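Novice: Sharing a sequence plus its predicted fold:
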Amino acid sequence: MTTPPRPPARSRLAAGLGVLALGLGATLVTVAPAQAAEAREVVTGTGDVSWGYKESFRRYVGNQTAALPPIGALPMGERITRIAPGQFDTSATPASTSNTSTPNETLPWTLPVTGGSYTSADDLVVESAGGAAFHFPSHYFDVTIENVSVVVSGGDATVVADVTADVTGDFGDWEAGTYGGEDVEFATASAVDATLDGDTLRVSLTGLTTTADGAAALPLYAAGDPLDNLTLTAELDEAPASWTPAVQVSQTEGFDPATSTTITVTGSGFDPTANISARQPVAVGQPTGVYVVVGKFAETWKPSDGAASAARTVISQKWALPEPSYTQVRNGFPNVADQLVLMNDDGTFSVDLEVSTHDTVSGAYGVYTYAAGGAAPNAAQESAVPLRFAKPTADGEGEVGVDVEVPGSTDPVDPDPEPGSFSWTINGAGAVNLGTAQAGDTAFTATGALHQVTVSDTRPDGTWSINGAVGRFVGGSGSFSGAALGWTPQVTSGAAVAGSPVVAGSGLGLTQTSTLASGTGATGSDDAVVDAGLSLRIPLDTPAGDYTGVLTLTAVG
């Protein structure tokens, strides 16, 4: 690098500009998924709910030792009866061995599963049919408990049942009357253990106690009284296909603005049955796939956000179509056949696209996907991968040159110019990778370190500063403001002054140009080495994905 002769007392150094891309085909920051799982159905008749309400109550009714005249005790076998299709659980232990009915009517019950749904161990419903009836005429009651369901919501478990109590006379705290109802939230559990082994669901509820509604529906025990534990097994239907669109790009940076470069874009997880056609060229009612585009798009470009087509300037494009739409369009519309690629049944595809510049429009270069063929917008299949134009050095380290020049002047050239020069380099190869963001109580956070910057200034009266600013981070179907990024500058060696820290996620963050370091040429040939710790703070509702952004460093002298 050379410096022309320096005119006396009038020259200044023009700003040098370098770009450090955070995301050279690699992940800057990964946000863990927070998407709700799709519910699976419980298959009818594939398991049982095992319960017995309350062991002491089964013993009390099954023995009827306190039966009062003139009615007396019912015969054994008629005191507790099953309600079909429920059965006595003959593998369990009866509440009373003195009851000799066959089977022992003080046994708990197995109630066949009739349906339900499973989203996660914390959110599920399992329904059953059948139950038991308790008959104690000398104590004036007939009680039924049937159609028991287990509901787990947000990790909290409730037992729901149809309950009736016909009380024919006052007895103790009982008053004559009819109690109960359908779908009574009868009991709650202090602990729930739900596991899924393949398609088999197993649930265990312990610490069951009567609710206030349960005590009102069946006035035998007060709210909070303990009940028997409950277990169940059930089979779930086939797990639904998991469609999580993702795009891999063979090259994302280092494109020469003077030439055209071919890249390969590989897609996976795109639901081939989505994006239904409402017009030609795809037959109405058939899936339309996605456009895969190299383009220069506006910041707000997504069809799902209502952006007009003018926000999307296409440089090159392919159309990924599933069967039978692929064959139908290829045969019926030969003028677009060369744009078509097949989207496989598993949601994968591969296309080659040309990357070139388009400087007559504003926007960000990138590889974009979105619903094709006039289908309704589909946010789940809208994605963006940024592309960077910056010719790399031969060693592939991504060094950014700094042009140093003296502006033109009408003054005579100093025959004895002042010595000295100014240069700077960004050290290190590839992207700064902040890894996977960690979820805290209020935000996702991540940290990393900026590549070191070496500044050489041998001008005796020269001054310089390195400044930085960042734009939006984009990835997949989401984006967030560069204000989420902050830094803590530091001088590793040499004579320079570190800039002030910028707090991540506070105010404008690094979207506002901030000083990394500054210095003078008074130290002669000593180089200054500066860097910064990077920190990121983004909201917990940020969509999952891999995000990249560009931190632009500018040298001013």
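Specialist: Arrived safely, thanks for sending.
Novice: For the residue located most distally from the centre of the chain, give me its contacts.
Specialist: Centroid-distance maximum for the chain: P70 at 68.6 Å, with C-alpha atoms, centre = their mean. By C-beta atoms under 8 Å, 6 or more residues apart in numbering, P70 lies in contact with nothing. Backbone N, C-alpha and C define where each C-beta goes, glycine included.
Novice: Just say helix, strand or coil for it.
Specialist: Under the three-state scheme (DSSP: H, G, I helix; E, B strand; the rest coil), P70 adopts coil.
Novice: And it, how far from G62?
Specialist: 22 Å (C-beta to C-beta, to the nearest Å).
Novice: same question, A189
Specialist: For A189, the distance to G62 - C-beta to C-beta - is 25 Å.
Novice: try V341
Specialist: Noted for V341: a distance of 72 Å to G62, by C-beta to C-beta.
Novice: These two: which has the busier surroundings?
Specialist: G62 (24 against 17; other C-beta atoms under 10 Å).
Novice: Now do whichever helix or strand the more buried one is part of: everything it contacts.
Specialist: Using DSSP states H and E, G62 sits in helix 55-63. By C-beta under 8 Å, 6+ apart, the list of residues contacting helix 55-63 from outside reads 52, 66, 76, 79-80, 94-96, 98-99, 101, 104-108, 134-136, 220-221, 228.
Novice: Got a ChimeraX select line for the buried ones in those residues?
Specialist: This is how ChimeraX selects the buried members of the contacts of helix 55-63, with burial counted by 16 or more other C-beta atoms under 10 Å:
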select :52,76,79,80,94,95,96,99,101,104,105,106,107,108,134,135,136,220,221,228
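Novice: Just the buried residues of the helix holding G62, please?
Specialist: Judged by neighbour count using 16+ other C-beta under 10 Å, the buried positions of helix 55-63 are E55, F57, R58, R59, Y60, V61, G62, N63.
Novice: With pLDDT added, can I get the residues you listed in CSV?
Specialist: Formatted as CSV, the buried residues of helix 55-63 follow (pLDDT from 0 to 100):
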residue, pLDDT
E55, 97
F57, 96
R58, 97
R59, 97
Y60, 95
V61, 96
G62, 96
N63, 95
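Novice: can you list these in TSV and add distance to F473?
Specialist: Listed next are the buried residues of helix 55-63 as TSV, based on distance: C-beta to C-beta, whole Å:
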residue	distance to F473
E55	60
F57	62
R58	62
R59	66
Y60	67
V61	67
G62	68
N63	71
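Novice: quick one: E55 from A132, how far?
Specialist: E55 is 13 Å from A132, by C-beta to C-beta.
Novice: Over to S479?
Specialist: From S479 across to A132, the span is 58 Å (C-beta to C-beta).
Novice: These two - which one has more neighbours?
Specialist: A132 (24 against 20).
Novice: ok, that one touching D142?
Specialist: No. Between A132 and D142 there is no contact under C-beta atoms under 8 Å: 11.6 Å.
Novice: Domains in the chain, by residue range?
Specialist: 16-32+396-407+418-556, 40-235, 255-386 (automatic domain parsing).
Novice: just the helices in this protein please.
Specialist: Secondary structure of the chain by DSSP state H: the helices cover 55-63, 212-217, 325-332.
Novice: for the second one, packing partners?
Specialist: Contacts defined by 3 or more C-beta pairs under 8 Å, 6 or more residues apart in numbering; DSSP states H and E place helix 212-217 against strand 156-167, strand 177-188.
Novice: With that, I have no additional questions.
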